[in-house]
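**Q** no sequence on this one, just coordinates:
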């Protein structure tokens, strides 16, 4: 295996993490095949990683030190009523997370990739083979070239080409609702005055049929505000239900823009409606919510990573941690294995069930916070805490699972 060659299809967070893991474990040659030509670091989405997951990932080398992060400690659940412009906090819970800017996290992972890794952009993979019985895997490129490797890692996201070869029957499943997402320079908050929003707090604005999470993240030019609003789209909206494609920034339809404005006006405390309205159209997009689980995450000489293996609804706040844990488990399985078959078996054993459990938990969270919302305004602290435990259904919490499970 030390003479082995590895291709990682996809060069975002999971791809960089797996490339580094393969190089550290001893692969002779590692190539990353990334289809985009642009700057991935420009992606400005916010994400969070649980403090305990971050500590575990840093200890095993999967999360490089020094990546900008913003400390969060608590989550406040808010409803609109007569309590004031910022609404009424009906529950507060601990939230031991750090928030990240997607592009800055990717840049930190990319810079930590060993120099021996060849990172190629503008390379589109059209198909792969090697799932069953083959001694090597083949990668076919859009320009007609065919490349052969001892192992191919599919880190190519929810529309994975590699997953087609591993388990073609697995497809993303539309959850029935969407999220509006956006972020903006936190200095814009100064124009709104005091909204009683501590910097370390996440605010969840609750309304019938949905919820919106708002928190601060670091950014290339200073702190930013990141928000994600989950709700049913208008019935007349034309969404790509058969293909999990977002409406990218600046391309959101007038109908979806008007629907968001209506939600803010009818359902949000005035302060939080004004916060969301600070977002420029160029920084706002709409994403249909999907999930996916696979019967297997490895086969033959192919292996699935991150969203290519499982797509978890964002409510679980575990996407980045899961991708990095996948890479850590891959490196650990490599070091314990004496053959490619042992490596793939060890990875499947470590990550297969874990991914399916995360999908199941996120489905429960989505149903409770969007599809079948409670009477938020009637809840007090005790009722909210009991409702939350019902969503978890025995899980220790959100943010992913401990690596030592």
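**A** Arrived safely. These figures come from a predicted structure and were not determined experimentally. Numbers count the residues shown, from 1 in each chain.
**Q** ok, residue 306 - how many residues close by?
**A** By other Cβ atoms under 10 Å, the residues close to residue 306 number 30. Glycine gets a C-beta too; all of them are placed from N, C-alpha and C.
**Q** and it, how far from residue 318?
**A** For residue 306, the distance to residue 318 equals 11 Å [Cβ to Cβ, to the nearest Å].
**Q** same deal with residue 53?
**A** 8 Å.
**Q** what's the overlap in contacts for these two?
**A** 399-400 (Cβ atoms under 8 Å, 6 or more residues apart in numbering).
**Q** ok, the two, which is more surrounded?
**A** residue 53 (27 against 24).
**Q** secondary structure element for that one?
**A** Element membership of residue 53, judged by DSSP states H and E, is helix 51-59.
**Q** quick check: next helix or strand after that helix?
**A** Assigned by DSSP H and E, the successor of helix 51-59 is strand 70-79.
**Q** I'd say residue 173 and residue 291 touch.
**A** Yes. The criterion here is Cβ atoms under 8 Å, and residue 173 meets it with residue 291 at 5.8 Å.
**Q** so between those two, which is more surrounded?
**A** Taking other Cβ under 10 Å, residue 173 and residue 291 do not tie; residue 291 has more neighbours (20 against 15).
**Q** mind checking the SS state of residue 274?
**A** Following DSSP: H, G, I helix; E, B strand; the rest coil, we place residue 274 in the helix state.
**Q** quick one: contacts for it?
**A** With contacts defined as Cβ under 8 Å, 6+ apart, residue 274 is in contact with residue 192.
**Q** state the distance from it to residue 23.
**A** 48 Å.
**Q** give me the low-pLDDT residue ranges for the chain?
**A** Under the criterion pLDDT under 70, the flagged ranges of the chain are 41, 194, 238-245, 404-405.
**Q** go ahead and flag the most central residue of it.
**A** residue 319 (3.4 Å; Cα atoms, centre = their mean).
**Q** any chance you could map the helices in the stretch 151-300 of the chain?
**A** For the stretch 151-300 of the chain, the helices defined by DSSP state H, counting those that start in this stretch occupy 161-166, 254-267, 270-277.
**Q** and those: which comes nearest residue 79?
**A** Of all the helices of the stretch 151-300 of the chain, the one in closest proximity to residue 79, counting by Cβ to Cβ, is helix 254-267 (9.2 Å).
**Q** and residue 144, helix, strand or coil?
**A** coil.
**Q** likewise for residue 23?
**A** helix.
**Q** just the residues contacting stretch 48-59, thanks.
**A** So stretch 48-59 is contacted by 63-65, 69, 72, 96-100, 215, 317-318, 320-321, 324-325, 328, 397-400, 402-404 (Cβ under 8 Å, 6+ apart).
**Q** mind listing what's buried in it?
**A** 48-54, 56-57 (16 or more other Cβ atoms under 10 Å).
**Q** what's the closest of those residues to residue 253?
**A** Out of these, the member with the shortest distance to residue 253 (by Cβ to Cβ) is residue 48, at 28.8 Å.
**Q** and the strands in the stretch 101-250 of the chain, which stretches?
**A** 117-121, 125-129, 137-141, 146-149, 151-154, 173-185, 201-207, 210-217, 224-231 (DSSP state E, counting those that start in this stretch).
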